[in-house]
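Chemist: fold the following, please.
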Amino acid sequence: MEGPSKVGISSKRELVKRFAAGVFLALLFPCAIASGFGRQPGVFSFFAHLCALVPGVVGDYVRVAYYRMTLRSCSRDCEISFGAFFAHSQAAVGRWAGIGPYCVIGRAVIGEGTRLGPAVQILSGGQQHKRDSEGRLTDEGRKFEEIVIGEHCWIGASAVVLANVGDRSTVAAGSVVVKPVAPGIVVGGNPARPLARLDNGAG
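Modeler: Next up is the predicted model:
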């Protein structure tokens, strides 16, 4: 059981964090306004890229503050590391989620307590580009799909995710997820295949 002094120190630290979060919300407010609170894609991306490059603890506060005002939803109790950015404002980040360095997130929902390793890519589905009658790549007719990563998942470094991942599942490093992953499953490979079922996996 924690003593009164430890509880007091913990409370003070929490107050300092909340105060700092408020300060950075105020500082990033003009950027959020300029992006139409996420409704102006070009401006949103400009500031997303800019925020991604701010180093250290300051950068952690900057990114969370910006995305709290521009994403569909973003918990104040998440972590978004250096070099990571969201390509679409129609994304959501749950409480205690952790986005590793250099991640690129499209139109996705990141569940509570889920952690992403470095350089993970969560794409907005698999039909973001098409070819015209002459075989040239075009943006016409492309589709963006929402990818849902469940709660308390682990997505390993450099994984590419194009399909939903169920709660408490693990995606091995370097895997390419092209089909939905059931809850409580470990998958790996390219394309990702089930490797094991976790003991606490949902049936």
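Chemist: hey, C-alpha coordinates of stretch 82-101 in CSV?
Modeler: Once non-C-alpha atoms are left out, stretch 82-101 reads as follows in CSV (Å, rounded to 0.1, in the frame of the first residue of the first chain):
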residue,chain,number,x,y,z
PHE,A,82,8.7,11.1,-32.9
GLY,A,83,8.2,10.8,-36.7
ALA,A,84,4.7,9.3,-36.4
PHE,A,85,1.8,11.0,-38.1
PHE,A,86,-1.8,10.5,-39.1
ALA,A,87,-2.5,10.8,-42.8
HIS,A,88,-6.3,11.2,-42.3
SER,A,89,-8.2,13.2,-39.7
GLN,A,90,-10.9,10.5,-39.6
ALA,A,91,-8.9,8.4,-37.2
ALA,A,92,-9.3,7.7,-33.5
VAL,A,93,-6.8,6.9,-30.7
GLY,A,94,-8.0,5.2,-27.5
ARG,A,95,-6.8,5.8,-23.9
TRP,A,96,-3.3,4.5,-23.0
ALA,A,97,-2.6,3.6,-26.7
GLY,A,98,1.0,4.0,-27.8
ILE,A,99,2.1,4.9,-31.4
GLY,A,100,5.8,4.1,-32.0
PRO,A,101,8.4,6.1,-33.9
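Chemist: avg pLDDT for that stretch?
Modeler: Taken as a whole, stretch 82-101 has a mean pLDDT of 97.
Chemist: in that stretch, what's buried?
Modeler: Judged by neighbour count (16 or more other CB atoms under 10 Å), stretch 82-101 contains these buried residues: 82-89, 91-94, 96-101. Every C-beta, even on glycine, is put in place using the N, C-alpha and C of the backbone.
Chemist: these two touch, right, residue 98 and residue 77?
Modeler: No - counting by CB atoms under 8 Å, no contact exists between residue 98 and residue 77, whose distance comes to 10.4 Å.
Chemist: residue 11: neighbour count?
Modeler: By the measure other CB atoms under 10 Å, the count of residues near residue 11 is 10.
Chemist: just the element for it, please.
Modeler: Assessed by DSSP states H and E, residue 11 sits inside helix 4-34.
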